[in-house]
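Participant: here is a sequence together with a model predicted from it:
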Amino acid sequence: MAHVLVTGATGFIGGHLTRALVDLGHQVRCLVRKSSRVESLRELHLECAEADLRDSAALERAVRGVECVFHLAALTSAFRRSTLMEVNGQGCAHVARACAAQPQPPVLVVVSSIAAAGPAERGQVKTEQDLPNPLSNYGRSKRAGELAAVQFAARVPTTIVRPGIVFGAGGQEMLPMFRAVYRLRVHAVAGLQSPPLSVIHVSDLVELLVRAAERGQRIVAADHNGACGTGYYFACRDEYPDYFEFGRLLHQALGNPRTSYLHFPEPFPWLVGGVGELLGRLRGRPYSLNIDKIREAVAPSWACSCAAAQRDLGFAPRQTLLEQLRQTAVWYREHGWL
């Protein structure tokens, strides 16, 4: 895996992955858009290929000559479901097609999401063998991307990784929770029964992605529904704190003297999501807390098994969850994010 292409390299996970690949001595090419901010990539003296996920010809040129493609470019929210489908579903299809068009197709690692698999039943832990049942438009679009990649798996060696909630230096998904606990001394829990969560630190995820490229199982082309689990990996810790427990960990990580824990029964979370939807439309950019995210927040369980990643990839987090949350809190403080 000497020459690799990373899509979404200017994003949170992509940035960490790109730096790790450079540190490992790989030659890295980054797929960027005209509007991408590439200053951090230029500092690493990387090759940047300018292309849009909808531009098949440009994608084929970007893929040419590489041995592995990490596909991370995606949208997490949009006003319209069709926009998510175009970027996350059709965009993945275009990347896989560009790989298939090469004389010697590269390994393709598709970074999907546990949202594509959908939640587990209450009290259960989801495995790769379970049929996907995505709840949100985001989850459906990521599942569409998975299925698009499977269509080319007969020619392109493909592995699909489904991370849980990813946190760490530079991450914004958990930032509102950190800020609420730090600034307001409050941790909000949606619903009366708090769902278990699957989480992973970005450094652990990066290591898992590299191992998936090097020695992960590949999708079996005949398994078009993806139900058998071969070539799929959940990327998360093997502990599943619920929202309440996670608030207690944040309280400890931030060193707060006290934190209040507030349970908001339905329909309150939906009202909050509706307000977020309205605010997003007023400012012309989707708000992070919207109706689509509430669909996921009130699900019964997001506990997913990492047994396959442990077995095939030797995956094991380097530190405890509390230690990693403390490191994240320190980074947020040092960079003025809190």
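Facilitator: On my side now, so go ahead.

Participant: residues contacting residue 322?
Facilitator: Going by CB atoms under 8 Å, 6 or more residues apart in numbering, residue 322 touches 249, 252-253. Every C-beta, even on glycine, is put in place using the N, C-alpha and C of the backbone.

Participant: restricted to buried residues, select those residues in ChimeraX.
Facilitator: Command for ChimeraX, covering only those of the contacts of residue 322 found buried under the criterion 16 or more other CB atoms under 10 Å:
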select :249,253
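
Participant: closest one to residue 25 out of the contacts of residue 322, please.
Facilitator: residue 253 (33.6 Å; CB to CB).

Participant: wait, the closest one touches residue 330, no?
Facilitator: No. Using CB atoms under 8 Å, residue 253 and residue 330 do not qualify as a contacting pair, with a distance of 9.1 Å.

Participant: element containing residue 29?
Facilitator: Element membership for residue 29, per DSSP states H and E: strand 27-32.

Participant: which parts of that strand are buried?
Facilitator: Using 16+ other CB under 10 Å as the test for burial, strand 27-32 gives 28-32.

Participant: other SSEs contacting the helix ranked longest in the chain?
Facilitator: With DSSP state H setting the assignment, residue counts place helix 268-283 as the longest helix in the chain. Secondary-structure packing of helix 268-283 (3 or more CB pairs under 8 Å, 6 or more residues apart in numbering; DSSP states H and E): helix 291-297.

Participant: what's in contact with the helix it packs on?
Facilitator: If you take CB under 8 Å, 6+ apart as the criterion, helix 291-297 is touched by 77, 115, 119, 135-139, 190-191, 195, 269-270, 272-274, 276-277, 302.

Participant: got a PyMOL select line for the buried ones in the residues you listed?
Facilitator: To isolate the buried ones among the contacts of helix 291-297 in PyMOL, judged by 16+ other CB under 10 Å, type:
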select buried, resi 77+115+119+136+137+138+139+190+191+195+269+272+273+276+277+302
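
Participant: next secondary structure after the host helix or strand of residue 248?
Facilitator: Per DSSP H and E: residue 248 is located in helix 243-254. Heading C-terminal from helix 243-254, the first helix or strand you meet, by DSSP H and E, is strand 260-264.

Participant: for the longest helix of the chain, give the mean pLDDT please.
Facilitator: Computed over helix 268-283, the mean pLDDT rounds to 83.

Participant: show me which helix or strand of this protein is least confident by mean pLDDT.
Facilitator: The helix or strand with the lowest mean pLDDT-type score in the chain, counting by mean pLDDT, DSSP states H and E, is helix 39-43 (a mean of 68).

Participant: circling back: turn the contacts of residue 322 into TSV, including pLDDT and distance to residue 123.
Facilitator: Output for those, formatted as TSV (pLDDT from 0 to 100; distance: CB to CB, whole Å):
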residue	pLDDT	distance to residue 123
249	95	21
252	95	26
253	96	27
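
Participant: could the contacts of residue 322 go into a markdown table alongside distance to residue 57?
Facilitator: Compiled in a markdown table, the contacts of residue 322 are given as follows (distance: CB to CB, whole Å):
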| residue | distance to residue 57 |
| --- | --- |
| 249 | 48 |
| 252 | 52 |
| 253 | 47 |
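
Participant: just the contacts of residue 322 now: which is nearest residue 17?
Facilitator: Among those, residue 253 lies closest to residue 17 (CB to CB), at 24.2 Å.

Participant: do you know how far the closest one is from residue 179?
Facilitator: As for residue 253, its distance to residue 179 is 13 Å (criterion: CB to CB, to the nearest Å).

Participant: what is the neighbour count of residue 132?
Facilitator: Close neighbours of residue 132, defined as other CB atoms under 10 Å, add up to 22.

Participant: just confirm it is within a strand.
Facilitator: No. The assignment for residue 132, made by DSSP: H, G, I helix; E, B strand; the rest coil, is coil rather than a strand.

Participant: was I right to think it contacts residue 120?
Facilitator: No. Under the criterion of CB under 8 Å, residue 132 is not in contact with residue 120, lying 11.6 Å apart.

Participant: what is the mean pLDDT for stretch 133-147?
Facilitator: For stretch 133-147, the mean per-residue pLDDT is 95.

Participant: how far is that stretch from where the chain is centred?
Facilitator: Mean-position distance between stretch 133-147 and its chain equals 12 Å (CA atoms, centre = their mean, to the nearest Å).

Participant: pull the residues that contact it.
Facilitator: 74-78, 81, 84-85, 87-93, 110, 112-113, 115-119, 132, 160, 224, 226, 292-293, 295-296, 299.

Participant: got it, and stretch 268-278?
Facilitator: Identification of contacts with stretch 268-278 by CB under 8 Å, 6+ apart yields 190-191, 264, 287-294, 297-298.

Participant: same check on stretch 182-196?
Facilitator: Counting by CB under 8 Å, 6+ apart, residues outside stretch 182-196 touching it are 119, 122, 177, 180-181, 240-247, 250-251, 254, 256, 258-266, 269, 294, 297-303, 329, 338.
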